[in-house]
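Asks: only geometry, no sequence info:
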């Protein structure tokens with residue numbers, strides 16, 4: 001996702017805006033389940049150090065996971081966030 005690429009560059013803060021917009025658009029139009037956009041947003045938030053918001057998005061993605069690998073992806077992120085500094 002574009003936001004995940006942006007967050008690695010000098011304009012990291014704008015990645016959050018891109019991720020939020022993409023999540024809303026995809027969830028509404030292309031991906032009603034919204035797993036991918038939710039997880040992308042959670043990863044961007046985690047990269048920006050917004051641990052609580054990232055965990056909220058990851059938890060919201062869990063019931064949207066359609067496979068064991070997707071559930072494992074969510075759990076892996078949640079495990080990482082649980083160890084993140086407060």
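Replies: Received the coordinates, thanks. Just so it is clear, the structure is predicted and the values come from calculations on it, not from any experiment. Residues are numbered from 1 along each chain as shown.
Asks: Which residue ranges of the protein form helices?
Replies: 2-6, 12-25, 35-47, 51-61, 68-83 (DSSP state H).
Asks: okay, the ones you listed, which one's buried deepest?
Replies: When the helices of the chain are scored by mean count of other Cβ atoms under 10 Å, the highest mean neighbour count falls to helix 35-47 (a mean of 23). C-beta: built from backbone N, CA, C; applies to glycine.
Asks: quick one on the thing from earlier: possible to save the helices of the chain as CSV with mean pLDDT?
Replies: Formatted as CSV, the helices of the chain follow (pLDDT from 0 to 100):
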stretch, mean pLDDT
helix 2-6, 58
helix 12-25, 66
helix 35-47, 86
helix 51-61, 92
helix 68-83, 96
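Asks: do you know how far residue 14 is from residue 49?
Replies: 16 Å (Cβ to Cβ, to the nearest Å).
Asks: scratch that, residue 69
Replies: From residue 69 over to residue 49 (counting by Cβ to Cβ), the distance is 26 Å.
Asks: do the same with residue 58
Replies: Distance of residue 58 to residue 49, given as Cβ to Cβ: 15 Å.
Asks: and if you look at residue 82?
Replies: Taken as Cβ to Cβ, the span from residue 82 to residue 49 is 15 Å.
Asks: Residue 42 now?
Replies: Residue 42 is 13 Å from residue 49, by Cβ to Cβ.
Asks: Equivalent analysis for residue 59, please.
Replies: On the measure of Cβ to Cβ, residue 59 and residue 49 end up 18 Å apart.
Asks: Residue 85 now?
Replies: According to Cβ to Cβ, residue 85 and residue 49 sit 9 Å apart.
Asks: the more surrounded of those two?
Replies: Higher neighbour count among residue 85 and residue 49: residue 49, with 10 against 5, using other Cβ atoms under 10 Å.
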